[in-house]
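> Output the structure for:
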Amino acid sequence: MKQYLSYSQEVLEAKEKGLPIVALESTIISHGMPYPQNVQTAREVEQIIRDNGAVPATIALIDGQIKIGLSDEELEMFGNAQGVAKTSRRDLGYLLATKKLGATTVAATMICAELAGIELFVTGGIGGVHRGAETTMDISADLEELAMTNVAVVCAGAKSILDIGLTLEYLETKGVPVIGYETDVLPAFYTRESEFAVNFRVDSAEEVAAMMRAKWDLGLRGGAIIANPIPVEHSMEASFINGIIAKALEEAEQQGIAGKNVTPFLLGKVKELTEGKSLESNIALVKHNAKIGAGIAVALTKK
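All right, here's what the predicted structure looks like:
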């Protein structure tokens with residue numbers, strides 16, 4: 001494993017001292033936001049994690065290695081580089097062998113985090129079952145990874161562009177707990193609420209840590225979704241954002257956009273149609289998730 005994993009000095013020292021570590025994805029930098037907001041947000045999210053007692057580990061593939069923790073220069077590179085591969089489970093072997101740049105998705109970040117012994121991962125929103133999946137079979141690899149890989153994922157719920165009901169059905173089948181952090185309903189990324197209930201509500205980082213430790217102590221493989229609603233002041237009206245998403249989905253279908261290209265197209269189109277407000281919301285929710293995630297990582301080290 002040593003030939004594939006490379007740690008930043010900060011993460012290496014954290015591992016040696018037994019400090020709490022929070023994994024972060026790199027797709028949000030290279031595919032999720034425009035420059036320079038992507039790099040600025042990545043730096044600010046890392047600092048929020050430090051300020052709340054944990055150590056950030058942004059994960060990416062560089063020169064045939066999985067980098068656990070990126071330097072400031074590497075963050076800048078991922079914010080600007082062209083042709084960075086969006087990396088999921090199926091892509092890891094190829095990209096490491098060919099030494100190409102890879103930005104990790106939720107699924108790939110979970111795999112790499114588990115390899116590095118990191119139990120907590122913070123992201124914006126998870127992937128899931130796409131609308132129309134009953135005919136396209138377009139289901140994110142994130143869901144399968146949540147069923148197999150022992151990493152808890154803090155997110156603002158499922159991305160609103162998905163079929164949230166079917167996503168929850170899939171997670172139930174796979175035995176993945178959907179936990180609401182100070183909420184009884186599943187948040188839907190840009191908005192704090194949806195019509196769907198979470199499996200369990202928790203109101204503290206300690207409760208999450210105790211639940212995850214019990215699950216893993218029993219040998220029950222897989223992670224969990226810790227659904228943390230977007231802050232009130234940045235939340236969008238559900239009817240407003242759902243109307244915009246419907247319009248964006250219609251355009252994607254007209255242009256024949258499918259597979260892993262759907263999400264970046266839709267996020268870009270939603271940003272355009274909301275006149276940039278969706279990007280502000282996206283940044284706010286990721287920062288909020290970082291704060292909550294750092295607290296859970298600290299609690300996990302004490303269990």
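
> buried sites along stretch 41-61?
Buried residues in stretch 41-61, counted by 16 or more other CB atoms under 10 Å: 41-43, 45-46, 48-49, 52, 54-61. C-beta: built from backbone N, CA, C; applies to glycine.

> thinking residue 201 is in contact with residue 185, fair?
No. In this structure residue 201 lies outside contact range of residue 185 using CB atoms under 8 Å: 9.3 Å.

> in this protein, which residue is closest to the centre?
Central residue of the chain (CA atoms, centre = their mean): residue 123, 2.8 Å from the mean position.

> tell me the phi and psi of that residue?
phi -140, psi -170 (degrees, to the nearest 10).

> Next, work out how far apart it and residue 214 are.
As judged by CB to CB, to the nearest Å, residue 123 and residue 214 stand 23 Å apart.

> got it, and residue 197?
From residue 197 to residue 214 the distance is 22 Å (CB to CB).

> next one: residue 6
According to CB to CB, residue 6 stands 33 Å off from residue 214.

> Any stretches of this structure with poor pLDDT?
260 (pLDDT under 70).

> can you do 80?
Applying pLDDT under 80 to the chain flags residues 1, 159-160, 258-264, 267.

> circling back: who's more crowded, residue 6 and residue 214?
A direct count of neighbours by other CB atoms under 10 Å for residue 6 and residue 214 places residue 6 higher, at 16 against 11.

> and the more buried one, what are its phi and psi?
With angles defined as degrees, to the nearest 10, residue 6 sits at phi -130, psi 130.

> Grab the nearest non-local neighbour of it.
residue 65 (4.4 Å; CB to CB, 6 or more residues apart in numbering).

> Provide the backbone phi and psi angles at the one you found.
phi -130, psi 150.

> since we're on it, how many residues are nearby?
Neighbour count for residue 65, taken as other CB under 10 Å: 16.

> Now do the same contact list for it.
Listed by CB atoms under 8 Å, 6 or more residues apart in numbering, the contact partners of residue 65 are 3-6, 96.

> Okay, the residue lying farthest from the centre of the chain and residue 247: tell me how far apart.
Going by CA atoms, centre = their mean, the residue of the chain most distant from its centre is residue 254, 28.2 Å out. Counting by CB to CB, the gap from residue 254 to residue 247 is 11 Å.

> and the lengthiest helix in the chain, what does it pack onto?
Among all segments of the chain classified by DSSP state H, the helix with the greatest residue count is helix 277-301. Contact partners of helix 277-301 among helices and strands, from 3 or more CB pairs under 8 Å, 6 or more residues apart in numbering; DSSP states H and E: strand 21-24, helix 37-51, strand 120-122, strand 152-155, helix 205-217, strand 224-227, helix 262-273.

> any chance of these in JSON lines, plus distance to residue 69?
Below are these laid out as JSON lines (distance: least, CB to CB, whole Å):
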{"stretch": "strand 21-24", "distance to residue 69": "9"}
{"stretch": "helix 37-51", "distance to residue 69": "9"}
{"stretch": "strand 120-122", "distance to residue 69": "14"}
{"stretch": "strand 152-155", "distance to residue 69": "18"}
{"stretch": "helix 205-217", "distance to residue 69": "22"}
{"stretch": "strand 224-227", "distance to residue 69": "22"}
{"stretch": "helix 262-273", "distance to residue 69": "25"}
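
> Next SSE downstream of the longest strand belonging to the chain?
With secondary structure taken from DSSP state E, the chain has its longest strand at strand 55-62. The C-terminal neighbour of strand 55-62 among helices and strands, as given by DSSP states H and E, is strand 65-68.
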